[in-house]
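> Sharing a sequence plus its predicted fold:
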Amino acid sequence: MTEPIIVGNWKMNTNVSEAVHLAQQIRQAAEQSGVDHQCSIVLCPPFVNLSAVGNCLRGSTIALGAQNCWTEPYGAFTGEISAAMLRSVGCEYVIIGHSERRTIFHEDDALIRQKMLRAWEESLVPILCVGETLHERQLHRTWNVLESQLEQLLAIEERRNPWVCAYEPVWAIGTGIAAEPPQIEQAHAFLRALLDAHGCTHVPILYGGSITPTNAVAIFSVPNVAGGLVGGASLNADSFVHIIAASIHARATNR
Ligand code: 13P
């Protein structure tokens, strides 16, 4: 059984000194407790802090990731960052299609597909986020939404590349109300079947949305949950390392 994957999405938080301090604290706590060798840990700080955090992580097992990238390798795209640039500062992962990008910045599935292709071209592992809004859930449209968010991607040949899928119900993000284990189980079973049917048996599915040290073991014990994408709780080293430890504990117990 592969080890769990825990990704910290710092969103638009931390200045450079705060980012360095947090990365150092996480590295130290992860190494002291030994969890760094039992879990794939990824930190995704804001763009401007990638280099500094990358330096803090050098020589550790903790990987660096970004929160977004643009579709083109270089050129006149004021304010954007390319996947090649991310690679050049040591990123191995990039989050694509986060619900905040979809809603606030109007990213659609076609653009997200382009970003996935670019990430693969630069040998980054994209973490593709999917998830329904509360309104969509109330209308019983969850499965249609998840399927349509993955449809364009599953149609392309490049899917043999490594990537990670993250189920993040929009209503659970930053609200303090995580999805209940039965809801997570249903969604992950649906996504697992969909991915498997398209030959993506190698793609792990993470859960994201209000994961805390308190609910982490219950969430990571749900079948088909390969790890977590953690927002708020990843900004505190103790909480984040607790969540990492919970993923290892759940994996060992449910083996
Ligand atoms: P929270 O953990 O703060 O709910 O955020 C989840 C998320 O959006 C991770 O990408």
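Right, received. Where do you want to start? Residues are numbered from 1 along each chain as shown.
> list the contacts for the closest residue to K11 other than its chain neighbours?
Spatial nearest neighbour of K11, chain neighbours left out: G231 (6.1 Å); criterion: Cβ to Cβ, 6 or more residues apart in numbering. Backbone N, C-alpha and C define where each C-beta goes, glycine included. Contact partners of G231, counting by Cβ atoms under 8 Å, 6 or more residues apart in numbering, are N9, K11, I173, G174, G208.
> so which pair among these is furthest apart in space?
Every pair in the contacts of G231 was compared (Cβ to Cβ); the two farthest apart turn out to be K11 and G208, at 11.7 Å.
> hmm, back to that, are any of the contacts of G231 buried, and which?
Buried residues within the contacts of G231, defined by neighbour count using 16 or more other Cβ atoms under 10 Å: N9, K11, I173, G208.
> now the first one: how far from A197?
Read that as N9. 28 Å (Cβ to Cβ, to the nearest Å).
> E80 too?
E80 sits 34 Å away from A197 when distances are taken as Cβ to Cβ.
> which one of these two has more residues nearby?
Between E80 and A197, counting by other Cβ atoms under 10 Å, E80 is the more crowded of the two (14 against 10).
> Name all residues that make contact with the more buried one.
If a contact means Cβ under 8 Å, 6+ apart, then E80 has W70 as its contacts.
> in what helix or strand does it lie?
Counting by DSSP states H and E, E80 is held by no secondary-structure element, helix or strand.
> try the one 4 residues further on
Following DSSP H and E, one finds A84 within helix 83-88.
> so how far is that helix off the chain centroid?
Distance of helix 83-88 from the chain centroid (Cα atoms, centre = their mean, to the nearest Å) equals 18 Å.
> swap in stretch 101-114?
Stretch 101-114 sits 16 Å away from the centroid of its parent chain (Cα atoms, centre = their mean).
> Could you check how far whichever residue of the chain sits closest to the ligand is from T133?
When distances are taken as Cβ to the nearest ligand atom, the chain reaches nearest to the ligand at G231, 2.2 Å away. The span separating G231 from T133 equals 17 Å under the rule Cβ to Cβ.
> do the same with F190
When Cβ to Cβ is applied, the distance between F190 and T133 equals 17 Å.
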